[in-house]
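Participant: model the following, please.
(chains A and B)
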Amino acid sequence: MNKLKATLLTKTGLNRVLIRLSHEIMEKHASIENLALVGIRTRGEIIAKRIFKNIDSLYNEKIYFGTLDVTFYRDDFSSNLGSPKVGPSDITFDVNNKHIILVDDVLYTGRTIRAAIEEIFSFGRPASIKLCVLVDRGHRELPIRADFIGKNYPTSINEHIHVYVQEIDKKERVDLLTY
Amino acid sequence: MHKLETKHLLGLEFISKKDIEKIIDVGFIFREVLERPIKKVPTLQGKNILNLFFENSTRTKISFELAEKRLSADVTNFSSSFSSVQKGESLKDTVQNIQSMKMDCVVMRHPVPGSCIQLQNYVDSVIINAGDGTHEHPTQALLDIMSIKEKFGKIKNLKIGIVGDILHSRVALSNIFGLVKLGAKVKVCGPPHLIQRDIEMLNIEKTYNVDELIEWADVLNVLRIQKERMGVGIIPSIREYRKFFGITNERLLNHNKELVIMHPGPMNRGVEIDSEIADSSQAIILDQVLNGVAVRMSVLYLLLGNNELES
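Facilitator: Sure, this is the predicted structure:
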């Protein structure tokens, strides 16, 4: 049974974090000509969309946008019974020489990001790849770190962080659960 | 999740509507993978697949091999012409070899109907039927269904006509099982002696008049007339067949209607189908070929995904 331990971010808090992340991404990229946001399905896609909209409304700039489904690239494919429903990746721009920012909701072992990086390369050769996550909960199993972090929250291994977004869950907040 | 109810793909008669729908849905996702500059994903890394072809095949074999390679599986090919192999015993022999080679999956084409069903009694590997005699050819039907769905966005209540040698066609039989399960209306057409007498038992209709079929159908699946059956008392002559059952240009012009034309290939242009029709925009024959790779990737992915071999 999952038990709610704490709410890490409320709806307002989540929104503010996303605005800060949008500013940070713009601050680090003087030229946005080749900048692209790529959200990892399913909740990373929603978060990436929010950041995309923020950059549009705050800076009046449109950057490239795409989504990735990393199911086919996962290393735990044969044992991972509970993985989300598979869907198509949707990257319509030319990946070559783009500065890609991968967006995901929770950074944990780093295996999803490893899969996403590999998948990006099947579309072309980007100039660089950076990583933006809403929550970093620690416990990395691969040498991967995030460049833009919404909230750092070191967890224990039997805890679970769940990001709820309006589009999928009909509610909006980040919860810390314990098994 | 990524799992089918069935362990093998022996025929569409034996799998559920839910499984068929899942295979088609995942097939469309693999279509997207096939549009990428690098059309290969590492999903089935380390899986061993044996293509066991006891009967000549070019496109099905290439299609399976491409699907397997694009999923990064390790592929082994075994071909044998029918004449060099004696049916029953050889199959059992081969089975013992498969056992000892520890294959994860066997894709088999065999001239004897039901041979795949027999194979599953002997091996733990996942078995995929790539055509067993006049029985079934499930992946062909799945790619046909996927192509129809791509064109119309649905299958339910569509009117699908199948014309040709229904009696000897595994493509027709698999199509009938699959389409009827998904709620399509199916009508078959061909010379009376080349249609099973009680085929209505499969919840479909039949007609011996191809013009009636054209008037009725949304989609026409034109089967190949196997030339090896010509002139042996089954089909008297190409000209006669073409006159009564060929999908000719003049015939379609007489029916002023939009019709989607399919063909499982290889085509005999000028016999069961005219060149002008095969190359026209209403034909989706080349889409079928592309969907064939995608749907086979889907089948392999769904069957090999979570079916850990019983040790």
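Participant: ok, residue 171 - contacts?
Facilitator: You didn't pick a chain, so chain A it is. Taking Cβ atoms under 8 Å, 6 or more residues apart in numbering or on different chains as the contact definition, A:Lys171 lies against A:Tyr164. (C-beta placed from N, C-alpha, C; glycine too.)
Participant: hmm, I had chain B in mind actually
Facilitator: Each residue near B:Val171 by Cβ under 8 Å, 6+ apart is listed here: B:137, B:140-141, B:144, B:221, B:223, B:264.
Participant: without its sequence neighbours, what residue ends up closest to the residue nearest to the spatial centre of chain A?
Facilitator: With distances taken as Cα atoms, centre = their mean, chain A has A:Asp104 as the residue nearest its mean C-alpha position (1.2 Å). Distances taken as Cβ to Cβ, 6 or more residues apart in numbering or on different chains place A:Gly44 nearest to A:Asp104, at 3.9 Å, with adjacent residues excluded.
Participant: element containing the one you found?
Facilitator: helix A:43-59 (DSSP states H and E).
Participant: circling back: A:Asp105 is in contact with the residue nearest to A:Asp104, correct?
Facilitator: Yes: proximity of A:Gly44 to A:Asp105 meets the contact threshold set by Cβ atoms under 8 Å, at 5.5 Å.
Participant: thinking again about what came up before, in which helix or strand would I find the residue nearest to the centre of chain A?
Facilitator: Judged by DSSP H and E, A:Asp104 forms part of strand A:99-107.
Participant: how about low-confidence regions in chain A?
Facilitator: By pLDDT under 70, the low-scoring segments of chain A are A:1, A:77-85.
Participant: ditto for chain B
Facilitator: Low-confidence segments of chain B, defined by pLDDT under 70, span residues B:1-2, B:81-90, B:228-232, B:306-311.
Participant: please enumerate the helices of it.
Facilitator: When secondary structure is read from DSSP state H, chain B shows helices at B:17-34, B:59-70, B:87-101, B:115-119, B:138-152, B:170-181, B:210-216, B:238-245, B:249-254, B:275-278, B:285-305.
Participant: nearest to A:Ile40, of the ones you listed?
Facilitator: Nearest to A:Ile40 among the helices of chain B is helix B:17-34; the distance by Cβ to Cβ comes to 15.5 Å.
Participant: which residue sits closest to B:Gly114 in space, ignoring its chain neighbours?
Facilitator: Spatially, and ignoring its direct neighbours in sequence, B:Gly114 is nearest to B:His135 (5.9 Å; Cβ to Cβ, 6+ apart).
Participant: for the one you found, grab phi and psi.
Facilitator: B:His135 has phi and psi values of phi -90, psi -80 when expressed as degrees, to the nearest 10.
Participant: can you tell me the closest non-neighbouring residue to B:Ile238?
Facilitator: Taking Cβ to Cβ, 6+ apart as the measure, B:Ile238 lies nearest to B:Val271, with 5.4 Å between them; neighbours along the chain are not counted.
Participant: you'd agree the one you found is up against B:Ile247?
Facilitator: No: with the criterion set as Cβ under 8 Å, B:Val271 and B:Ile247 do not qualify as a contacting pair; they are 9.9 Å apart.
Participant: tell me which of these two has more neighbours.
Facilitator: Neighbours were counted for B:Val271 and for B:Ile247 using other Cβ atoms under 10 Å in any protein chain shown; B:Ile247 has more, 24 against 19.
Participant: bridged to that one, which residues?
Facilitator: Assessed by DSSP bridges, B:Ile247 has beta-bridge partners B:Ile273.
Participant: and it, how far from A:Ile19?
Facilitator: Here B:Ile247 is placed at a distance of 62 Å from A:Ile19 (Cβ to Cβ, to the nearest Å).
Participant: can you check B:Gly153 too?
Facilitator: With Cβ to Cβ as the criterion, B:Gly153 and A:Ile19 are 39 Å apart.
Participant: same thing with A:Asn97?
Facilitator: Relative to A:Ile19, and taking Cβ to Cβ, A:Asn97 is found at 29 Å.
Participant: do the same with A:Arg111
Facilitator: Looking at A:Arg111 against A:Ile19, where the rule is Cβ to Cβ, the gap reads 29 Å.
Participant: between the two, which one's more packed in?
Facilitator: With other Cβ under 10 Å as the criterion, A:Arg111 and A:Ile19 differ in neighbour count, and A:Arg111 comes out ahead with 18 against 15.
Participant: contacting residues for the more buried one?
Facilitator: By Cβ under 8 Å, 6+ apart, A:Arg111 lies in contact with A:74-76, A:141-142.
Participant: span of stretch A:71-88 from start to end?
Facilitator: Taking Cα to Cα, to the nearest Å, stretch A:71-88 runs 10 Å from one end to the other.
Participant: in the stretch 151-300 of chain B, which residue sits closest to chain A?
Facilitator: Among the residues of the stretch 151-300 of chain B, B:Met297 lies closest to chain A, at 9.4 Å counting by Cβ to the nearest Cβ.
Participant: burial count for that residue?
Facilitator: For B:Met297, the number of neighbouring residues by other Cβ under 10 Å comes to 30.
Participant: I'd guessed it sits against B:Gly27; true?
Facilitator: Yes: under the criterion of Cβ under 8 Å, B:Met297 makes contact with B:Gly27 at 7.5 Å.
Participant: hmm, back to that, so who does the residue nearest to B:Gly114 touch?
Facilitator: The neighbourhood of B:His135, defined by Cβ under 8 Å, 6+ apart, consists of B:11, B:113-114, B:170, B:173.
Participant: can you give me the strands in chain A?
Facilitator: Secondary structure of chain A by DSSP state E: the strands cover A:3-9, A:35-40, A:64-68, A:99-107, A:128-136, A:148-152, A:159-164, A:173-178.
Participant: would you turn those into CSV with distance to B:Ile195?
Facilitator: Formatted as CSV, the entries for the strands of chain A read as follows, by distance: least, Cβ to Cβ, whole Å:
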stretch, distance to B:Ile195
strand A:3-9, 64
strand A:35-40, 52
strand A:64-68, 48
strand A:99-107, 56
strand A:128-136, 59
strand A:148-152, 66
strand A:159-164, 58
strand A:173-178, 61
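Participant: what about those, which gets the closest to B:Ala283?
Facilitator: strand A:64-68 (33.4 Å).
Participant: elements contacting that closest one?
Facilitator: For strand A:64-68, the helices and strands in contact under the criterion 3 or more Cβ pairs under 8 Å, 6 or more residues apart in numbering or on different chains; DSSP states H and E are strand A:35-40, helix A:43-59, helix A:111-121.
Participant: rerun that using 7 Å as the cut-off
Facilitator: Of the remaining helices and strands, those touching strand A:64-68 by 3 or more Cβ pairs under 7 Å, 6 or more residues apart in numbering or on different chains; DSSP states H and E are strand A:35-40.
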